[in-house]
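Engineer: Sequence unavailable; structure follows:
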Ligand SMILES: [Zn+2]
Ligand SMILES: [Zn+2]
C-alpha cells in the first residue's frame, strides 16, 4: 500500500491543505484536497472516492474533479462511496444543481460522471484487491472511519474526524492495524471544545490508543489546526508513543 498525503490539515492555509489520502494512485479517502494538488494525469487515475463525513473540508474537491472530467471530455467515471446519510448530504447540499451541478445526471444518468455507492456500517466492500469497511466514529455529523485490508495482510485504519470512539475499537477487536491515520485537531487546553465538536487532543488521543487491543505499528496524526500546530506537536512528543508523528502534506507513506 502506498498512501500519498494530498492534505492532512484541520484548516486551510498555504502549505496546509484539507484532508485527502490517495491509495495506490486510484482510491481516494476524503476529497478536501484533490484538484488543488494533483495534475490532470493524477486526477484522471481516480476511480473511487471514500468519504468519511460530509463536512466541506472533506468533500469539496469532488465538485472540481467532476467539472474537470466534463470540460476535458474524459471517459473517467468516479464512484462516491459512503454511508447513506453522508451521500444524502452531498446530494442535497453540494451537488444539488444549485450550489453546483448534479454530476450524477451529467451528461445523462447512464453515463454520469459520478455515481453514488452506499455502504452499510461494519459491512466491507471489495475494491482493487482491498477489503474496505466503514466503522462508525463520533463527530458532530454522521461519520465513519475506514479499515482497509490488503491481500498482503497489511492494513490501514483512517479515522477521519472523530472524538472518543470506545465501541469502534471494540469492533476492530483482534484485527491488527499496521498503519493508523488518526486525527488530533486541538491542543490539550481545548479538551472540552474537542469533545463537544467530535475531535481529539493529544491527551484524548492517548486515551484512545489505550483502548486498541494491538498497538498499531505506525501512528500518523492528521487534521491539526495550523493555528495550534506547534503546541499540538510538542504535546504529541510528550506522549512518548513509539512510531507516532504528524503527517506532512505531500509525503507518501508505505504500509
Ligand atoms: Zn468534520
Ligand atoms: Zn475536518
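Structural biologist: Nice, I can see it. For clarity, every value in this text was computed on a predicted model and none was experimentally measured. Ligands and ions are numbered 1, 2, ... in the order given.
Engineer: just checking, residue 66 is part of a helix?
Structural biologist: Yes - assessed with DSSP: H, G, I helix; E, B strand; the rest coil, residue 66 lies in a helix.
Engineer: Could you look up the SS state of the nearest residue to it once chain neighbours are set aside?
Structural biologist: Distances taken as CB to CB, 6 or more residues apart in numbering place residue 103 nearest to residue 66, at 3.8 Å, with adjacent residues excluded. Any C-beta I mention is one placed from the backbone N, CA and C, and that applies to glycine too. Three-state call for residue 103 (three-state DSSP): coil.
Engineer: And the pLDDT at the residue of the stretch 151-255 of the chain found nearest ligand 1?
Structural biologist: Across the stretch 151-255 of the chain, the shortest distance to ligand 1 (CB to the ion) belongs to residue 161, at 3.6 Å. At residue 161, the model reports a pLDDT of 98.
Engineer: Any figure for the gap between it and residue 140?
Structural biologist: According to CB to CB, to the nearest Å, residue 161 and residue 140 sit 8 Å apart.
Engineer: Residue 118 against residue 87, yeah?
Structural biologist: Yes - the pair residue 118 / residue 87 is scored as a contact, 5.7 Å apart, by CB atoms under 8 Å.
Engineer: what about these two, which has more around it?
Structural biologist: Neighbour tally, residue 118 and residue 87, criterion other CB atoms under 10 Å: the higher count belongs to residue 87, 18 against 13.
Engineer: Enumerate every residue touching that one.
Structural biologist: Residues in contact with residue 87 (CB atoms under 8 Å, 6 or more residues apart in numbering) are 80, 116, 118.
Engineer: From those, which land in strands?
Structural biologist: Those of the contacts of residue 87 mapping onto strands are 80, 116, 118, per DSSP state E.
Engineer: Secondary structure element for residue 4, which one?
Structural biologist: strand 2-7 (DSSP states H and E).
Engineer: That strand near ligand 2 at all?
Structural biologist: No - residues of strand 2-7 are not located near ligand 2 by CB under 5 Å from the ion, the shortest gap being 10.3 Å.
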